[in-house]
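Q: The following comprises the amino acid sequence and a computationally predicted model.
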Amino acid sequence: MELETLAACVASMSCVVTQIISGLIIGVLLFLVASGVTLIFGVLKVINFAHGSFYMLGAYLAYTAYVVTGSYTVAIVVGALGVALFGILFERFFISRVYGSNVLMQLLVCYAFILILDDAVKIIWGSEYLSMGMPDAFRLPPIRIGGGFAPPFYLFLIAIAIAIGFALWVIVERTRFGKIVRAAAHNGDMVSALGIRTPYLYAAVFGLGSLLAGAAGALAGPVRSLTPGMGFSILIMSFVVTVVGGMGSIAGAFVAALLIGVTRSFGSIGFPLFVDGLMFLIMTLVLIFKPTGLFGRRFA
């Protein structure tokens with residue numbers, strides 16, 4: 001443990017600001033991935049274990065679009081929409097076949113696609129580390145905040161991720177589509193009996209959840225190295241976020257993602273060998289004292 005180093009950081013405003021911003025970066029990216037996981041589970045009752053691979057696919061698609069066009073905006077759009085389309089096809093041709101099946105069957109289908117996508121990435125992009133590089137628009141001096149400094153791209157990343165999260169909340173809570181989605185989460189058979197084509201609805205929900213993972217991968221491209229299998233670590237963290245926040249809760253995913261992000265950021269200073277342990281300790285305590293998660297509810 002490096003408690004003296006942690007205490008020195010907490011006593012320094014510059015260090016605190018730097019670590020908080022670092023934690024927010026981790027948190028908002030985790031939120032985008034975890035919100036897709038919790039949205040899909042909340043409506044379809046499917047644990048999409050391949051979600052981390054969707055994040056990886058979004059990063060690689062964004063990288064390709066950026067190399068071809070030189071536009072980071074185009075890269076984000078291509079990464080998000082490309083993964084959304086892939087998610088819809090994945091749901092229609094594979095996941096829809098295992099609705100209502102044993103959870104193990106769902107996990108096996110998803111795990112098979114983790115292996116398939118990892119190999120596909122190696123075939124198409126190679127197994128070497130790739131880097132998108134910082135877009136020209138963000139090659140600016142750091143901005144001073146409360147005694148610390150933050151790269152402009154980090155602030156953009158935080159702002160755009162929060163904006164996407166807010167848009168998701170509006171869609172789910174304030175639109176007709178969102179009302180139908182929430183109704184389907186409670187009773188899909190009744191929604192179908194009312195004339196709603198639930199197969200299309202499920203495909204749309206899965207596509208929206210996949211879009212969030214693709215957007216996270218595309219946004220992370222300039223600050224993360226691209227490599228086959230890069231989605232596994234964020235998959236594990238996103239499931240921790242989903243469990244801590246509560247299955248099916250978007251607000252819970254947001255709060256839990258920020259909590260995990262800040263914990264990892266400061267934990268890397270005070271407990272460098274126990275960062276993952278801290279994350280799982282938080283999850284364990286939540287499971288013991290509030291098994292449904294901070295904002296979750298029980299599912300029948």
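A: Structure received.

Q: shaky segments in this protein?
A: Counting by pLDDT under 70, the chain contains low-confidence residues at 1, 297-300.

Q: quick one, helices of it?
A: Taking DSSP state H as the criterion, the chain carries its helices at 3-10, 13-44, 51-69, 72-93, 103-125, 152-174, 176-186, 188-193, 198-220, 231-245, 250-270, 275-289.

Q: which strands and helices sit next to the third one?
A: Using 3 or more C-beta pairs under 8 Å, 6 or more residues apart in numbering; DSSP states H and E, the elements in contact with helix 51-69 are helix 13-44, helix 72-93, helix 103-125, helix 198-220, helix 231-245. C-beta coordinates here come from the backbone N, C-alpha and C atoms, glycine included.

Q: export the ones you listed to CSV and tack on mean neighbour count and distance to Leu168?
A: Written out in CSV, the entries for the helices and strands packed on helix 51-69 read as follows (neighbours: other C-beta atoms under 10 Å; distance: least, C-beta to C-beta, whole Å):
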stretch, mean neighbour count, distance to Leu168
helix 13-44, 24, 6
helix 72-93, 21, 12
helix 103-125, 15, 22
helix 198-220, 25, 7
helix 231-245, 23, 14
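
Q: closest to Ala161 out of those helices?
A: Across the helices and strands packed on helix 51-69, Ala161 has its closest neighbour in helix 13-44 (3.5 Å, C-beta to C-beta).

Q: re the thing from before, kindly reformat the helices of the chain as a markdown table and extend each row with distance to Pro141.
A: Written out in a markdown table, the entries for the helices of the chain read as follows (distance: least, C-beta to C-beta, whole Å):
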| stretch | distance to Pro141 |
| --- | --- |
| helix 3-10 | 23 |
| helix 13-44 | 15 |
| helix 51-69 | 23 |
| helix 72-93 | 19 |
| helix 103-125 | 33 |
| helix 152-174 | 8 |
| helix 176-186 | 41 |
| helix 188-193 | 53 |
| helix 198-220 | 22 |
| helix 231-245 | 30 |
| helix 250-270 | 23 |
| helix 275-289 | 30 |
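
Q: Now the spatially most central residue of the chain: closest residue in space, sequence neighbours ignored.
A: Geometric centre of the chain, nearest residue: Val33, 1.1 Å, by C-alpha atoms, centre = their mean. Leaving aside its chain neighbours, Val33 sits nearest to Ser238 (4.3 Å; criterion: C-beta to C-beta, 6 or more residues apart in numbering).

Q: Does the one you found touch Leu39 like I think?
A: No - in this structure, Ser238 sits apart from Leu39 without contact. The criterion is C-beta atoms under 8 Å, and the distance is 11.9 Å.

Q: on that earlier part again, I'd say the residue nearest to the centre of the chain and Ile234 touch.
A: Yes - using C-beta under 8 Å, Val33 is in contact with Ile234, at 5.7 Å.
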